[in-house]
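K.L.:
Sequence and predicted structure are below.
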Amino acid sequence: MKQDILRSELRKRKQRMTAQRELILKAFMESGEEHMSAEEVYRKVLERRLRISKATVYRTVELLTEVGLLRKIVFRDGVVRYELVDKGEHHHHHLVCNSCGKVIEFPEDLLDGLENLIEEKTGFKITDHQLKFYGLCSECQKSIANKE
C-alpha cells in the first residue's frame, strides 16, 4: 500500500508521517487517472474544509516525487502535473487533445526494444521515459465534423 511505502521512506529519512502528507497522498490516490498539479491538489484539500498551507502541499508533492510515488509530467501548457506511480509499473504514454486538453493514458509501452538498443549501443542506463502524442480526441473530431 502506498501509505506503507511512504511511511517506510520517511522512517529512512528520520521523518514522520503527518496527517497532511497522508491527506495529499490520498488526494492523488482518489484522483484516478487525473493528472493534477500541486495547485489543484491544494484546492482539493481546501474543498474538504481542511486547513493546510500551500507550501506544505508543494513540499509534500516534491517529497512524494523524490520517494518515487509520483512522476512529474509536463504537457504542452507548461504546467507541471503529477501522476501516481506503482513500483514495477510498466510505462504508459499519454495522448493529449490539442482542442479540449483531455489526456488519455495509453497503457502499451512499445519502446522496450528501443530502450534496450540505446543501452546496448551507448552504455547509457535508462531509468525512465515519457512519450506524449498530440492530436484530436474522438469527441473533438466529431465536433469539428459536425460544424462542417
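P.N.:
Noted; the coordinates are in hand. Numbering: from 1, shown residues only.
K.L.:
Tally up the residues packed near residue 36, please.
P.N.:
Counted with other Cβ atoms under 10 Å, the neighbours of residue 36 add up to 20. (Each C-beta comes from the backbone N, C-alpha and C, glycine too.)
K.L.:
Please renumber the chain so that the first residue is 16 from this point on.
P.N.:
Renumbered: residue one is now 16, and that last one reads residue 51.
K.L.:
I figured it hits residue 95, correct?
P.N.:
No. In this structure residue 51 lies outside contact range of residue 95 using Cβ atoms under 8 Å: 10.2 Å.
K.L.:
The residue most central in space within the chain: helix or strand, and which one exactly?
P.N.:
Most central in the chain under Cα atoms, centre = their mean is residue 98, positioned 1.7 Å from the mean C-alpha point. Assigned by DSSP states H and E, residue 98 belongs to strand 95-99.
K.L.:
average model confidence for that strand?
P.N.:
Taken as a whole, strand 95-99 has a mean pLDDT of 90.
K.L.:
continuing past that strand, what's the next helix or strand?
P.N.:
Criterion used, DSSP H and E; the element after strand 95-99 is strand 108-112.
K.L.:
Partner strands of that following strand and their direction?
P.N.:
With DSSP bridges as the test, strand 108-112 is paired with strand 118-121 (antiparallel), strand 147-150 (parallel).
K.L.:
wait, which of these is closest to residue 56?
P.N.:
Closest to residue 56 of the strands paired with strand 108-112 is strand 118-121 (Cβ to Cβ; 16.4 Å).
K.L.:
Show me where the protein dips below the pLDDT cut-off.
P.N.:
For the chain, the stretches with pLDDT under 70 are 102-106.
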